[in-house]
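Q: model this:
(one chain, ligands or ions: 1)
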Amino acid sequence: MNNAYSLDMDTAIESPIKAGLKWLFLDLNSYFASVEQQENPHLIGKPVAVVPSMTDATCAIAASYEAKAFGVKTGTKIYEAKKMCPNLICIKADHSRYVDYHHRIIEATERVIPVNKTWSVDEFDCLLLGRERKYENAVKLANDMKQSIYDHVGKQIRCSIGIAPNSFLAKVATEIEKPNGLVILKPEDLPGRLLELKLTDLPGINIAMLTRLNKAGINTIEGLYHTSPKQCRAIWRSVQGERFWYWLHGYDVPYQKTSPSMLGHSRMLDPKSRTLEETRQMGRRLLFKACTRLRRKQLYAKHFIMKVTFLNGQRWVGHRDFPASQDTFLMMSFFDAMWQQMCLECFGSTTPNISNRKMIFLKISTLLHGLTTDEGITGDLFDLDYQKQSDNHIKKKNLITAIDGLQEKYKKETVWLGVVPETLAGDVGTKIAFNRVPSKEEFWG
Ligand SMILES: [Mg+2]
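A: As a prediction, this is how the structure comes out:
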């Protein structure tokens with residue numbers, strides 16, 4: 001058993017009965033759409049879809065309850081949504097506004113009870129203490145929180161609250177009644193109302209995991225409930241399965257063991273390889289390695305930093321936040337966007353016309369921060385663009401798994417995205433052409 005991730009039965013797990021109603025989870029309903037309705041009163045009561053760009057080819061990243069009544073949901077293509085709901089109003093997403101509301105909602109909540117952890121822009125949890133764990137007191141707290149948000153942020157901002165012996169079940173409880181729900185899962189009643197849900201309603205059960213569960217003969221939450229920790233560990237192929245079983249049974253098992261806070265690589269560039277293009281390729285290579293390590297450690301990152309140091313001593317640093325991910329393709333797209341940004345800021349063009357022999361850089365670093373072991377419970381809304389376009393996502397995941405497998409087998413960087421600087425060519429075997437991540441010019445090699 002891997003010590004770093006083994007469940008420590010003596011100290012980590014609090015029994016359901018002892019924990020009682022220990023956690024409260026708040027999930028904002030149709031968050032982006034509600035904020036838009038709050039800001040623009042003419043949208044109240046209307047079917048609204050929030051979109052990343054004003055084109056029918058894009059997907060809704062949020063839908064108001066009025067739009068949901070027509071079947072429009074997060075992820076629906078806009079050209080389809082307009083067929084379902086001809087009066088649909090599309091509003092371009094304004095992320096800074098949603099972040100601003102997020103802080104105001106936290107403030108309103110904290111007039112009632114401190115927030116323990118923010119899971120995403122529209123989800124957070126609170127730890128209940130002492131008398132707050134009594135059923136009537138917990139219900140009162142939840143209602144006071146809703147009232148405080150209503151009074152101090154706005155009447156359009158509605159939320160579902162779940163209360164349970166652990167934060168996982170409290171989150172699951174928010175799925176049972178929407179909008180404006182309040183569901184309490186008492187440990188002695190489990191599985192109780194969990195049986196109203198589908199397996200894929202549980203955070204962490206995606207289509208790939210559902211397939212594994214089905215293969216093991218588990219098709220319902222009831223079926224999953226009547227397994228054992230050991231069986232779940234085998235199905236998940238990691239200790240996360242065991243943790244999942246304990247959560248489902250109301251044990252308060254911590255989300256994660258101590259894990260490194262940062263993972264990444266820096267490289268002083270070889271004096272012959274300090275050109276624009278070779279530095280870019282080195283950066284991609286370092287990031288690729290970091291992503292492989294991330295997956296090997298079963299971790300997810302939430303923050304990416306790219307740093308470059310120029311030969312003249314100047315530095316450029318770029319940051320990017322995202323929902324927990326270990327997807328190489330996603331990280332590479334961040335790297336590419338950040339590289340273009342650096343070029344724009346430092347050379348005045350995203351594709352500067354600089355000789356391929358001009359030595360410019362001294363050092364490059366790609367660092368992944370905000371590491372966590374849990375993927376399931378993080379930002380459901382921001383996930384969309386990248387993760388819920390499921391077919392593509394599963395294909396990518398399979399490809400990444402295949403790459404990791406090859407690397408594991410041959411113990412060196414057998415597979416590589418795009419081309420590699422000439423000086424490194426000796427390390428490299430197969431080149432794989434992917435349709436999105438590398439730019440076209442990378443395939444001349
Ligand atoms: Mg929500």
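Q: Can you give the distance of the helix or strand harbouring Asn137 from its chain's centre?
A: Counting by DSSP states H and E, the element that carries Asn137 is helix 135-152. Offset of helix 135-152 from its chain centre (C-alpha atoms, centre = their mean, to the nearest Å): 28 Å.
Q: buried residues in that helix?
A: Ala138, Leu141, Ala142, Met145, Lys146, Ser148, Ile149 (16 or more other C-beta atoms under 10 Å). Where C-beta positions appear, they are placed from N, C-alpha and C, glycine not excepted.
Q: Report the buried residues of stretch 162-180.
A: 162-176, 178.
Q: Let me know the average pLDDT across stretch 127-137.
A: For stretch 127-137, the mean per-residue pLDDT is 93.
Q: got the end-to-end distance for that stretch?
A: 13 Å (C-alpha to C-alpha, to the nearest Å).
Q: Quick one: residues in contact with it.
A: Stretch 127-137 is contacted from outside by Gly20, Leu21, Lys22, Trp23, Leu24, Ile113, Asn116, Ala138, Leu141, Ile163, Ile184, Lys186, using C-beta atoms under 8 Å, 6 or more residues apart in numbering.
Q: same thing with stretch 79-86?
A: Contacts for stretch 79-86 (C-beta under 8 Å, 6+ apart): Pro47, Ala49, Asp56, Ala57, Ala60, Ala63, Ala67, Phe70, Gly71, Val72, Thr76, Leu88.
Q: quick one: which of these is nearest Phe329?
A: Distance to Phe329, by C-beta to C-beta, is smallest for Ala57 among the contacts of stretch 79-86, at 20.3 Å.
Q: which residues does the closest one contact?
A: Applying C-beta under 8 Å, 6+ apart, the residues contacting Ala57 are Lys77, Ile78, Tyr79.
Q: Same list, the contacts of stretch 127-137, but as a markdown table with secondary structure please.
A: Formatted as a markdown table, those follow (DSSP: H, G, I helix; E, B strand; the rest coil):
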| residue | secondary structure |
| --- | --- |
| Gly20 | coil |
| Leu21 | coil |
| Lys22 | coil |
| Trp23 | strand |
| Leu24 | strand |
| Ile113 | coil |
| Asn116 | coil |
| Ala138 | helix |
| Leu141 | helix |
| Ile163 | strand |
| Ile184 | strand |
| Lys186 | coil |
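Q: Name the member of those residues with the most neighbours.
A: Among those, Leu24 has the most neighbours (other C-beta atoms under 10 Å), with 30 neighbours.
Q: In strands, which of the buried residues of stretch 162-180 appear?
A: Gly162, Ile163, Ala164 (DSSP state E).
Q: circling back: looking at the contacts of stretch 127-137, which gets the smallest pLDDT?
A: Asn116 (88).
Q: wait, isn't that one in contact with Phe124?
A: Yes. Asn116 is within contact range of Phe124, at 7.4 Å (criterion: C-beta atoms under 8 Å).
Q: okay, and for this protein, where does confidence drop off?
A: For the chain, the stretches flagged by pLDDT under 70 are 1-12, 256-260, 374-398, 401-445.
Q: Up against the ion, what does it have?
A: When proximity is defined as C-beta under 5 Å from the ion, the chain approaches the ion at Asp27, Leu28, Asp122.
Q: From the ion, how far out is the residue lying closest to Thr309 once chain neighbours are set aside?
A: Nearest non-adjacent residue to Thr309, counting by C-beta to C-beta, 6 or more residues apart in numbering: Lys363, 4.2 Å away. According to C-beta to the ion, to the nearest Å, Lys363 and the ion sit 42 Å apart.
Q: The helix or strand hosting Lys363 pairs with which strands, and in what direction?
A: Using DSSP H and E, Lys363 maps to strand 361-369. Here strand 361-369 has these sheet partners by DSSP bridges: strand 262-268 (antiparallel), strand 301-310 (antiparallel).
Q: looking at those, which is buried most?
A: strand 301-310 (a mean of 19; mean count of other C-beta atoms under 10 Å).
Q: for the helix or strand following that one, which positions count as buried?
A: Per DSSP H and E, the first helix or strand lying C-terminal to strand 301-310 is strand 315-325. Neighbour counts over strand 315-325 (16+ other C-beta under 10 Å) mark Trp316, Gly318, Arg320, Phe322, Pro323, Ala324, Ser325 as buried.
Q: would a markdown table of those residues with distance to Pro254 be doable?
A: Formatted as a markdown table, the buried residues of strand 315-325 follow (distance: C-beta to C-beta, whole Å):
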| residue | distance to Pro254 |
| --- | --- |
| Trp316 | 38 |
| Gly318 | 33 |
| Arg320 | 28 |
| Phe322 | 24 |
| Pro323 | 21 |
| Ala324 | 16 |
| Ser325 | 22 |
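Q: any idea which of those is closest to Ala108?
A: Pro323 (23.9 Å).
Q: any idea how far the closest one lies from the ion?
A: 13 Å.
Q: what's the answer for Ala234, then?
A: Taking C-beta to the ion, one finds Ala234 at 32 Å from the ion.
Q: tell me the contacts of that residue?
A: Ala234 neighbours (C-beta under 8 Å, 6+ apart): Gly241.
Q: Now do the helices in the stretch 201-350 of the chain.
A: Secondary structure of the stretch 201-350 of the chain (DSSP state H, counting those that start in this stretch): helices at 207-215, 221-225, 229-236, 239-248, 276-296, 328-347.
Q: Make CSV out of those and add distance to Val153.
A: CSV is the format used below for those (distance: least, C-beta to C-beta, whole Å):
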stretch, distance to Val153
helix 207-215, 35
helix 221-225, 34
helix 229-236, 38
helix 239-248, 30
helix 276-296, 36
helix 328-347, 31
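Q: Gln37: which of those helices is closest?
A: Using C-beta to C-beta, the helices of the stretch 201-350 of the chain put helix 328-347 closest to Gln37, at 30.6 Å.
Q: Alpha carbons of the closest one, as CSV, please.
A: Taking C-alpha atoms only, helix 328-347 is exported to CSV below (Å, rounded to 0.1, in the frame of the first residue of the first chain):
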residue,chain,number,x,y,z
THR,A,328,-1.9,18.0,-20.7
PHE,A,329,-3.9,19.4,-23.6
LEU,A,330,-5.6,22.0,-21.5
MET,A,331,-2.3,23.1,-19.9
MET,A,332,-0.6,23.2,-23.3
SER,A,333,-3.3,25.6,-24.5
PHE,A,334,-2.7,27.8,-21.5
PHE,A,335,1.0,27.7,-22.3
ASP,A,336,0.5,28.7,-25.9
ALA,A,337,-1.8,31.6,-25.0
MET,A,338,0.6,32.8,-22.4
TRP,A,339,3.5,32.6,-24.8
GLN,A,340,1.7,34.7,-27.3
GLN,A,341,0.9,37.2,-24.5
MET,A,342,4.5,37.4,-23.5
CYS,A,343,5.5,37.9,-27.2
LEU,A,344,2.9,40.7,-27.5
GLU,A,345,4.1,42.4,-24.3
CYS,A,346,7.8,42.0,-24.9
PHE,A,347,8.1,42.2,-28.7
